[in-house]
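Participant: Requesting a structural model of the entry that follows:
(chains A, B, C and D, ligands or ions: 4)
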Amino acid sequence: MIVVAFLAQVLRIVVPYLLAASGGVLSERAGIVALTLEGFMLTGAFTATLGSYYAGSPWVGLLAGIAGGVALALLLALATVRYKADQVVAGIALNLLAIGGTRFFLRYAFDSSSNSPRVPGFGGDGGGAVGAAATLAASAQNPLVWIGILTVPVVAWLLYRTPFGLRVRAAGEKPEAARSLGVPVARVRVLAVAGAGALAGLAGTYLALDQHQFTDGMTAGRGFIALAAVIFGRWDPKRVAFACVLFAAAETFQIQLQGAQLIPSQFVEMIPYVLTIVALAGVVGRSAAPAALGKAE
Amino acid sequence: MPVTQPPAIRLAGVRKTFGPVVANRDASLEVAAGEIHALVGENGAGKSTLMRVLAGMYGPDAGTVQVAPQGAGALRDVTGWTTAEAIAAGVGMVHQHFMLVPTLTVAENVVLGQELTKGLQLDRARAEAEVRALSQKTGLQVAADRPVSELSVGEAQRVEILKVLYRGARILILDEPTAVLSPPEVRELWTVLRGLAAQGGTVVLITHKLDEVVDISDTITVMRAGTTVERIRTADTTPQAIARAMVGRDVALALDVMGAGDELHAERVERRAASVEGGAVAEAAPARGRDSTLDARRSALEVTGLTVAGARRPNEVDGVSFSVAPGEILGIAGVEGNGQTELLEALAGLARPTAGRIALAGADVTALGVRARADAGLSHIPEDRHRRGLVLDWSIADNLVLGLQHRFSAGARLDGRRIDENARRLVREFDIRPADPSLPARALSGGNQQKIVIAREMTGRDYHVLLAAQPTRGVDVGAIEFIHDQLRRARAAGKAIVLVSADLAEILALADRVAVMYRGRFATVLPRREASAERLGPYMTGAAGAEPAA
Amino acid sequence: RPSGALEPPSSEGLDVGIVFDVGGRGDKSFNDGAYLGAMRAADSLGARVRFIEPGEGSDREAGLRLLAAEGMDLVVGVGFIFTDDLTLLAKEYPNVRFAGVDLAVANDAAGNPITPPANLAALKFREEEGSFLVGALAALLSRETRVGERAYRPTTRVGFVGGMDIPLIHKFEAGYRAGVRHVCPECTVVAQYAGVTPEAFRNPGRGKELALSQYQSGVNVIFHASGSTGLGVFEAARATGKLAVGVDADQYAEAPGHILTSMVKGVDAAVYDAIARAKAGTFRGGIQQFGLKEQGVGYVYDANNRALIPDALRARVEALRDSIVAGAIRVPAERES
Amino acid sequence: MSDATAGATAAERADRRRTLLEEAVLPPLVALAIALVVGDLLILTFGQSPGAVFAMLLEGTWANAYGFGQVLYKATSLTFTGLAFAIGARAGLFNIGAESQLAAGGFAAAVAGLALGGAPAILAVPVCIAAAAVGGGAVGAVPGVLKARFGASEVIVTIMLNFVVLALLNYVIAAHLHVPETLHTPEIAAGVPRLADLSDAFRGSAANAILLLALAAAAAAWWYLFRTRPGFELRAVGLQPDAAEYGGVDVGRVWVRAMALSGAVAGLGGLNYVLGYKHYYEEGFAAGSGFLGVAVALVGRNHPLGIVIAALLFATLSQGGLAVNALVPKQMVEVLQAVVILAVVTSVPEVRRVLRAALRPAAKPAKAAA
Ligand SMILES: Nc1ncnc2c1ncn2[C@@H]1O[C@H](COP(=O)(O)OP(=O)(O)OP(=O)(O)O)[C@@H](O)[C@H]1O
Ligand SMILES: Nc1ncnc2c1ncn2[C@@H]1O[C@H](COP(=O)(O)OP(=O)(O)OP(=O)(O)O)[C@@H](O)[C@H]1O
Ligand SMILES: [Mg+2]
Ligand SMILES: [Mg+2]
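Facilitator: Numbering: from 1, shown residues only, chains lettered A, B, ... in the order given. Ligands and ions are numbered 1, 2, ... in the order given. The predicted structure follows:
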């Protein structure tokens, strides 16, 4: 039972990581640094809430969440692909925009600096089931959980088995070569970033609809963890998915461990971040980053 | 002059600028169908730019581009078309620098942009089959399923050509394709090109090697300062005449520089080396600068059992031993990718050898870094000036002190005045153009960029040993003449020079001894007198000489 | 200058300035409480109110100063974080009245509280007392087999979810633990924090997971003191059909049927009171404690949650309240380590 | 970039002036113009008059000594974090960790101050300054070492370190060092004079002598980057590490040095609060200034002079946002800051191109080289 509870919690925590990190793989393999996953998620969470609130349907919220992530992604594409702005700087600026913008519109739409009203989400109120199996069953009713799990093989397939994936990999590795063959590198990159926006937007949607509301800054650094997973997994969808599961397991472990109060919470809190740094120094090392990552076309 | 065949390409009045730089002005080009056409000119003359306009990579600011679709029939105005449109119309370009994605396989590189699909998926098997078939048909042998990162430069160049042919190119543009090829590989390429032309295809070939121009082309267009200055039938001209048209004056060509004086010098060096072994000093070392600690009896550079790991192999350089005497040029020939790059990087201190010893003027420098070796009397003209030799965004003045920064500073403070003086002096002495030391190195032509490196490495410090890697690659004839002259002077001043070049003619023109490198080893070392293209060729391809131990 | 009696405000009305804590207006918590109190004063007392929402740390003092320099009659800083700034400005502007919600009062070397200047009122709440009561309620209720219409398996585990792991929140935990232990010595409190950065107050996802794991370990009631993170605790209560206790304001509406009660702080009343005193000329500096006795803290018991709390329990908790008010029970404000 | 004042030709001097103009002055101007336009739009959505709001903004910032002092105070922190980012960027490294480096610097200064007790200022102030530099530098060096040694991406390591360091400091404060009921350490005795000590007009403003340290840091950074051999090598590494290595520079060592230096400068930023203003370390005092430093460096084109100007600009926005808080909510300023950065990254190159074309129509011979 404890095992099931553990696994159920890992599953709930890993879904947004899987979605956002898969998006991150797509974007980075095309050569665009995915620092803005956090911003995509936050925007997606907010627009999903708006959609669900005004339409009264979580499905509309889901579409709106995708749209929000894509909208911010297109801004990133505009700045980095069209205007060739530095990707790290543009990424940071867009994160700031996402934080400020969602606050601004939260205030504008709901006159609150804290949270939106409750909106429809997927699945009912759980019907009072407490057991681990019951929460697992509840997760199984959430389409976003399935989308999150399916995203990994789909992105892997897209990247390694389709013409678009071939072009994405070429655009991230040697864009001038792709361009000399008539591959519209700019368009490929824009599409890849938009895909990242859509997936990270879905990650935000999952968070918002799971909570049935938007709260200010509710992504709380999950986008950065997803980015860490992309690097930890060396830009390969399957390995990235494994990294996501690892991080989610660490977090679950932390939640369980903290109750026991053996170590000050500050130290437990650091685990995923320290793990990432250690991984970067040890496991990944001089990693196989796409050669043109961060470079203008 | 009359064009017998109907034209396949006609460019007229093309103008292309990059910010303040005018790369092409009123440039024109006419090539008949079925013709092999050479496009020549100094560095920065605008050849690559003009061809990129033709291939749809740049839109011209002015002028017209006309092409006969699929290389036959009536000309069609295609000014300002895209790469994709050019490819569709049968125009393909092989670029000066590799345009390959190293992480993808050969087949993936070939089909990129024109992917074969099965449903939504890539049809990898069919792509590989088609590439194999094409490879068979053209004789350009390369394994379709290997990642490009594992290929040798020669193989990579084959993939470049396959890429273009795969797209059914009837008009083939090749920008300096032979710069990295061995003589047999060049011959193989010529066969392919002649075959293409025989079937009505049209070829435009950019090259700096005038013997190649004479060898392969039917007609020649000469460019100078962005514009077309002459159009000649190859049969009616000589290398000398072409060179004159390019530069506007007479030039000494590398091909015929082996004058009497040089023969004499080579013999002198050999005699001296022999007498050194005999234990007696037969001849005083030539005059050198203040720091004349170097003794002619000792070799200036002594390398024993040097082994260097590379990205692809653990023994990219495999136990090489040699020595170079003061006043001697050791030429290292060989097809690129046989360890020359790694050898020189290890000598310069840029790569750590896994075994062996390097001694400069008798002192062991194996453990020293770049800076310490430079201070011990080592200068280095790197093979890749864009990556290593220059900071492209820096001014000419700053580039002229790269690696010498500690000589141009007092304590931690840089001495700006001396840096400026140094720049003004060297720009004048080495005729670096434009003569404005504050311009970024990026704005200069390849030849002038190379002059910066040469000026710095050959005057900046009191060196005993010069490592010169591909010193004239991609450099025009005028600059080649100048650089070769500089190298000869250095030899005369008693410097020991290691010259690595993929250009056999250059090696034969300059070296006193010639080593051929194959698979990380010296396949042979011959005195200049015994070396010739015919004799060295088999060693370069591994057909002769010691096979490396498995 | 000696801090004598202040001029009574001009007869036309009263200018009140309020500087919010970082969350700002609309936080549905104590910033909004202060806002509510001020608006009530505007309606009934004719006070003119100006608000400032600082963006970052150094803006707190700047905001207060802006208002003080404009000659406000009363300037209120909302949040313990304003303590130093208010103390400084009160000395600098002796003719302006200042009030600090949650103002921290330092102790001198002998351990006695240092009284704030006469023009600065420290509006302090004894959160630990309110927390004590909801702790007692939570522990008692955890042993019931029915709450409202739902059946529960009785338990001796009660939950606590804090936001950022800082002393201020420890105060809630300490009172809560004391309340639990008082009525149920064998009970254990599972206390967890959402994090160690301010983000921990805005992480409902983490709140939900913390709460789910607590509920799954057998806990029936969780008290949260964690800002928006607590909204995740409520979601978990909804999902599992269990119970949660709100904080600061009455949070019943966030998850009707699952909010057992809320530990409320009367920030609105305290602010209104300060404005009213300023208007009446009876404003006094110094420490003003709002504990159970002053009805500055308490727990919600109204039509919404009456059905959830059996009368016997209610009586028991009310008796505890009386004991605390009477001084018979002393509630600790710090966790014993 | 090698520029001896003596003996430079007129053309070179003109060239240098143009570079300075383009690097240091132009981007802040563009940023200002964009801020005005976007700000207008946002103000209009709130149904306010842009004229009135901007008048109020100026009134609350540059038009009175107190407001100006506040601008200076904020600009001081931003100058440090901006310089910190720029030093890294010139070495080709993105230091996103200024936030935690600044916190660590402030913390180290506070601890040093506490340890020194009532030592005389002449001793205490330099020790605190040194402690801040060491504290920030140590945090900055970690990603430098990891990059040099293992090739770990400094962008990710600095982001992750932000979380780790802030959690660690939080632990020390919460567990050991805080004054009861607060999130700060006890007050330290050491301090530097405030601007208010000079003129009563500045009374109450937080601006203090650390401002001078910031200006000195900017001047020193400029000198270091453009006038010294280590700076020369640092810039070479930033532009082309391979060429720098070829030029005898130990690239890994330069990375470590640049990151340590960058962290140290960010750490000095902590002094503005700890030594100049509050005299204690407080949990969360660094929030925001790290990321905003990236913006400042960007708008200032990684040039120390540009950074000072950009820091003033962003400080004005931030203080002005407070001044106009009655008319527009603070969220507007947050949006505005992000929009300004984005607009600057996208428009400055364009503006520069236009300006170049306009300024030197035929100054260069059309053919660059032969
Ligand atoms: N992308 C570019 N940006 C700016 N200037 C360029 C660019 N490409 C070429 N130039 C300039 O245009 C001129 C012509 O360059 P181009 O590459 O056509 O010369 P080239 O004849 O191919 O020289 P080489 O023999 O060295 O290959 C050069 O002097 C160079 O300064
Ligand atoms: N982005 C650019 N900006 C300015 N000048 C450029 C740019 N790209 C190329 N050039 C210039 O265009 C010319 C031709 O470039 P190209 O790529 O043909 O290299 P190159 O100088 O011929 O060197 P090599 O043949 O040895 O690789 C060079 O002189 C180079 O300086
Ligand atoms: Mg060229
Ligand atoms: Mg060239």
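
Participant: Let's see the pLDDT reported for residue B:421.
Facilitator: As predicted, residue B:421 sits at a pLDDT of 94.

Participant: buried ones in whichever strand or helix holds it?
Facilitator: According to DSSP states H and E, residue B:421 maps onto helix B:416-429. Using 16 or more other C-beta atoms under 10 Å in any protein chain shown as the test for burial, helix B:416-429 gives B:416-424, B:426-427. Glycine gets a C-beta too; all of them are placed from N, C-alpha and C.

Participant: does the following helix or strand past that helix come close to ligand 3?
Facilitator: Per DSSP H and E, the first helix or strand lying C-terminal to helix B:416-429 is helix B:446-459. No. Figure legend: helix B:446-459 not in contact with ligand 3 (C-beta under 5 Å from the ion); closest approach 7.5 Å.

Participant: any idea how far helix B:446-459 is from the chain center?
Facilitator: 15 Å (C-alpha atoms, centre = their mean, to the nearest Å).

Participant: For ligand 1, what is the nearest residue in chain A?
Facilitator: residue A:176 (11.0 Å; C-beta to the nearest ligand atom).

Participant: Does chain D have contacts with stretch B:421-434?
Facilitator: Yes. Judged by C-beta under 8 Å from any C-beta of the partner chain, stretch B:421-434 comes into contact with chain D through B:421, B:423, B:433-434.

Participant: Export those residues as JSON lines, with columns for distance to chain A.
Facilitator: Shown next, in JSON lines, are the residues of stretch B:421-434 next to chain D (distance: C-beta to the nearest C-beta, whole Å):
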{"residue": "B:421", "distance to chain A": "36"}
{"residue": "B:423", "distance to chain A": "30"}
{"residue": "B:433", "distance to chain A": "28"}
{"residue": "B:434", "distance to chain A": "27"}
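
Participant: Next, format the buried residues of helix B:416-429 as a markdown table and append distance to residue C:69.
Facilitator: Shown next, in a markdown table, are the buried residues of helix B:416-429 (distance: C-beta to C-beta, whole Å):
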| residue | distance to residue C:69 |
| --- | --- |
| B:416 | 50 |
| B:417 | 54 |
| B:418 | 58 |
| B:419 | 55 |
| B:420 | 55 |
| B:421 | 60 |
| B:422 | 61 |
| B:423 | 59 |
| B:424 | 61 |
| B:426 | 64 |
| B:427 | 63 |
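
Participant: Can you tell me which of those residues is closest to residue B:313?
Facilitator: Lowest distance from residue B:313 to those (C-beta to C-beta) belongs to residue B:426, with 39.3 Å.

Participant: what's the spacing between the residue of chain A closest to ligand 1 and residue B:440?
Facilitator: 21 Å (C-beta to C-beta, to the nearest Å).

Participant: Please identify which helix or strand holds the residue most central in space within chain D.
Facilitator: Centroid check for chain D by C-alpha atoms, centre = their mean gives residue D:82 as the closest residue, at 2.1 Å. For residue D:82, the element it lies in under DSSP H and E is helix D:65-90.

Participant: what packs against the next helix or strand after that helix?
Facilitator: Remark: after helix D:65-90, the chain's next helix or strand is helix D:98-116, criterion DSSP H and E. Here helix D:98-116 touches helix D:65-90, helix D:121-150, helix D:154-172, helix D:251-269, helix D:271-274, helix D:289-299, going by 3 or more C-beta pairs under 8 Å, 6 or more residues apart in numbering or on different chains; DSSP states H and E.

Participant: which stretches of the stretch 151-300 of chain C form strands?
Facilitator: Counting by DSSP state E, counting those that start in this stretch, the stretch 151-300 of chain C has strands at residues C:157-164, C:188-195, C:221-225, C:243-248, C:259-265, C:286-290, C:297-299.

Participant: Could you do the stretch 451-550 of chain B as well?
Facilitator: Going by DSSP E, counting those that start in this stretch, the stretch 451-550 of chain B shows strands at B:465-469, B:496-500, B:513-518, B:521-527.

Participant: Near chain A, which residues of the stretch 1-150 of chain D are found?
Facilitator: D:94, D:96, D:146, D:149-150.

Participant: Quick check: the two most widely separated of the residues you listed?
Facilitator: Among the residues of the stretch 1-150 of chain D next to chain A, D:96 and D:149 lie farthest apart (C-beta to C-beta), at 19.5 Å.

Participant: between the two, who's got more neighbours?
Facilitator: Neighbours around residue D:96 and residue D:149, counted as other C-beta atoms under 10 Å in any protein chain shown, are more numerous at residue D:96. The numbers are 28 against 13.

Participant: Show me where the stretch 1-150 of chain A has its helices.
Facilitator: Here the stretch 1-150 of chain A has its helices, by DSSP state H, counting those that start in this stretch, at A:2-29, A:37-55, A:58-77, A:87-110, A:132-140, A:143-161.

Participant: returning to that earlier point: to ligand 2, which of the strands of the stretch 451-550 of chain B lies closest?
Facilitator: Judging the strands of the stretch 451-550 of chain B by C-beta to the nearest ligand atom, what sits closest to ligand 2 is strand B:465-469, at 12.0 Å.

Participant: List the neighbouring strands of the closest one plus their orientation.
Facilitator: Paired neighbours of strand B:465-469 in the sheet (DSSP bridges): strand B:378-381 (parallel), strand B:496-500 (parallel).

Participant: can you redo those as TSV with distance to residue C:97?
Facilitator: Listed next are those as TSV, based on distance: least, C-beta to C-beta, whole Å:
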stretch	distance to residue C:97
strand B:378-381	78
strand B:496-500	85
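
Participant: Please render the ones you listed as a markdown table that adds mean neighbour count to the earlier fields.
Facilitator: Converted to a markdown table, the strands paired with strand B:465-469 look like this (neighbours: other C-beta atoms under 10 Å in any protein chain shown):
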| stretch | mean neighbour count |
| --- | --- |
| strand B:378-381 | 26 |
| strand B:496-500 | 26 |
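
Participant: Quick one: closest of these to residue D:348.
Facilitator: So among those, strand B:378-381 is nearest, using C-beta to C-beta, at 37.6 Å.

Participant: other SSEs contacting the next helix or strand after the closest one?
Facilitator: Downstream of strand B:378-381, the first helix or strand assigned by DSSP H and E is helix B:396-399. Applying 3+ C-beta pairs under 8 Å, 6+ apart, we find helix B:396-399 packed against helix B:416-429, helix B:446-459.

Participant: is it possible to export those helices to CSV including distance to residue B:132?
Facilitator: Formatted as CSV, these follow (distance: least, C-beta to C-beta, whole Å):
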stretch, distance to residue B:132
helix B:416-429, 53
helix B:446-459, 37
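
Participant: So which of these is nearest residue B:103?
Facilitator: Closest among the helices and strands packed on helix B:396-399, once you apply C-beta to C-beta, is helix B:446-459, at 28.0 Å.

Participant: Deepest in the core, which of the helices and strands packed on helix D:98-116 is it.
Facilitator: Of the helices and strands packed on helix D:98-116, the one with the most neighbours on average (mean count of other C-beta atoms under 10 Å in any protein chain shown) is helix D:271-274, at a mean of 32.

Participant: tell me the mean pLDDT for that helix?
Facilitator: Mean predicted lDDT for helix D:271-274 stands at 92.

Participant: ok, residues contacting that helix?
Facilitator: With contact meaning C-beta atoms under 8 Å, 6 or more residues apart in numbering or on different chains, helix D:271-274 is reached by C:57-58, D:73, D:76-77, D:80, D:105-106, D:109-110, D:113, D:128-129, D:132, D:188, D:192, D:208, D:210-211, D:213-214, D:280-282, D:285-286.

Participant: re earlier: want to throw the strands paired with strand B:465-469 into TSV with mean pLDDT and distance to residue D:157?
Facilitator: Formatted as TSV, the strands paired with strand B:465-469 follow (pLDDT from 0 to 100; distance: least, C-beta to C-beta, whole Å):
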stretch	mean pLDDT	distance to residue D:157
strand B:378-381	95	34
strand B:496-500	96	39
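
Participant: mind checking which of these is nearest ligand 3?
Facilitator: Checking those against ligand 3 by C-beta to the ion gives strand B:378-381 as the closest, at 20.2 Å.
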